[in-house]
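Engineer: Build me a model from this:
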Amino acid sequence: MGKPRLCPGFSLVLENDAAEARAGIQNGQLWTRAVDRNIHLFLREPAIRELARRRDSRTADFCEALLKSGDPDDFLVAVDTLAQLGGNYAVTRLIGLCLDCLVHDRAIVLSRLAQLVTGNQAKPFTAMIRELIMPGEIKTKGWTPLAKELLVDECRRQGLSVAFVHPESGEEVAVIDAWHERTQFE
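Structural biologist: Take a look at the predicted model:
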């Protein structure tokens, strides 16, 4: 069973039932919840995501307003919502955000963009990877196969090895490390 979670109607439902609960709500009701700044963003986020899932035409403009607010939480919700929205506009906007934001925020935007990247965006996505990769771990769950392939290719170009692992948490992780040469001195 899922974890309890508040959904747009303020009713406590199981996470598995949340999508069903939101499906019965009209877009107007979702917009009322989404734009109400008297309600904490955490409680508005499910309505915002549902509007993106429904591909409501006003969602992109709403994301722009969130991005202009300067609030870090608004930024994260806007990035997640753009990723949920998908499509050419969302991908183009995420690429633009990645180029214009701070390094820490770039990693967040890159991870969301990696869930959408196709052949058309391979070149700018590779440039973003080039700027951000370093030894360590990157969560790659939900990345497109192309995004993973571009990550591996760029790591090789920079002399880094990459391995995809599935730790106990169930999240797929790319472990990036420097190449280790075996020596002949044994």
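Engineer: Give me the three-state assignment for Arg55.
Structural biologist: When classified by DSSP: H, G, I helix; E, B strand; the rest coil, Arg55 comes out as coil.
Engineer: Phi first, then psi, for it.
Structural biologist: Main-chain dihedrals, Arg55, degrees, to the nearest 10: phi 60, psi 40.
Engineer: how far away is it from Lys139?
Structural biologist: 26 Å (Cβ to Cβ, to the nearest Å). All C-beta atoms are positioned from the backbone trio N, CA, C, and that covers glycine.
Engineer: Tell me where the protein has helices.
Structural biologist: 15-23, 27-35, 41-53, 59-68, 72-85, 87-100, 103-113, 122-132, 145-157 (DSSP state H).
Engineer: Next, format these as CSV and append distance to Phe164.
Structural biologist: CSV is the format used below for the helices of the chain (distance: least, Cβ to Cβ, whole Å):
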stretch, distance to Phe164
helix 15-23, 27
helix 27-35, 36
helix 41-53, 27
helix 59-68, 30
helix 72-85, 21
helix 87-100, 22
helix 103-113, 15
helix 122-132, 15
helix 145-157, 7
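Engineer: Which one of those helices has the poorest average confidence?
Structural biologist: Among those, helix 15-23 carries the lowest mean pLDDT, a mean of 54.
Engineer: Just list the residues touching the residue positioned nearest the centre of the chain, thanks.
Structural biologist: Most central in the chain under Cα atoms, centre = their mean is Arg112, positioned 2.6 Å from the mean C-alpha point. The contact partners of Arg112, taken as Cβ atoms under 8 Å, 6 or more residues apart in numbering, are 79-80, 82-83, 94.
Engineer: repeat for Trp31
Structural biologist: Contacts of Trp31 by Cβ under 8 Å, 6+ apart are 47, 51, 56, 58.
Engineer: what's the distance between it and Phe42?
Structural biologist: Taken as Cβ to Cβ, the span from Trp31 to Phe42 is 18 Å.
Engineer: Pro124 too?
Structural biologist: If you go by Cβ to Cβ, the gap between Pro124 and Phe42 works out to 32 Å.
Engineer: quick one: which of those two has more around it?
Structural biologist: Ranked by neighbour count (other Cβ atoms under 10 Å), Pro124 and Phe42 place Pro124 first, with 18 against 10.
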